[in-house]
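Engineer: What follows is a protein structure lacking sequence information:
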């Protein structure tokens, strides 16, 4: 892990197109500004971990054959 010291108003660059700026420092809390291309997804780590967990749970959930049949019927009705 790379550890850097930065002060309010300073930035770091990740690659050529991601800039992380220190916006404010108040006690033990800092405010970050992130400038990145729209194609880069940015989440707080705890939110990212929740997304991963929900995706794993969804992938392991069995779908009943009745639901699949219903989905096929609805798709056929919608195809006009």
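Structural biologist: Structure's in. What do you need? None of these values were measured; they are calculated from a predicted model.

Engineer: all helices of this structure, in order?
Structural biologist: 45-60, 65-78 (DSSP state H).

Engineer: closest to residue 12 out of these?
Structural biologist: Between residue 12 and these, the shortest separation by CB to CB is 17.4 Å, and it involves helix 45-60. Heads up, the C-betas are built off the backbone N, CA and C, glycines and all.

Engineer: buried sites along the biggest strand by length in the chain?
Structural biologist: Using DSSP state E, we find that the single longest strand of the chain is strand 18-26. Neighbour-count burial for strand 18-26, counted by 16 or more other CB atoms under 10 Å, picks out 20, 22.

Engineer: Run through the neighbouring helices and strands of that strand.
Structural biologist: Helices and strands touching strand 18-26, as assessed by 3 or more CB pairs under 8 Å, 6 or more residues apart in numbering; DSSP states H and E, comprise strand 11-14, strand 29-35.

Engineer: Out of these, flag the one nearest residue 54.
Structural biologist: Nearest to residue 54, of those and by CB to CB, is strand 29-35 at 23.4 Å.

Engineer: any idea of the angle that closest one forms with strand 18-26?
Structural biologist: On the basis of axes from the mean of the first three to the mean of the last three CA atoms, to 10 degrees, strand 29-35 is oriented at 160 degrees to strand 18-26.
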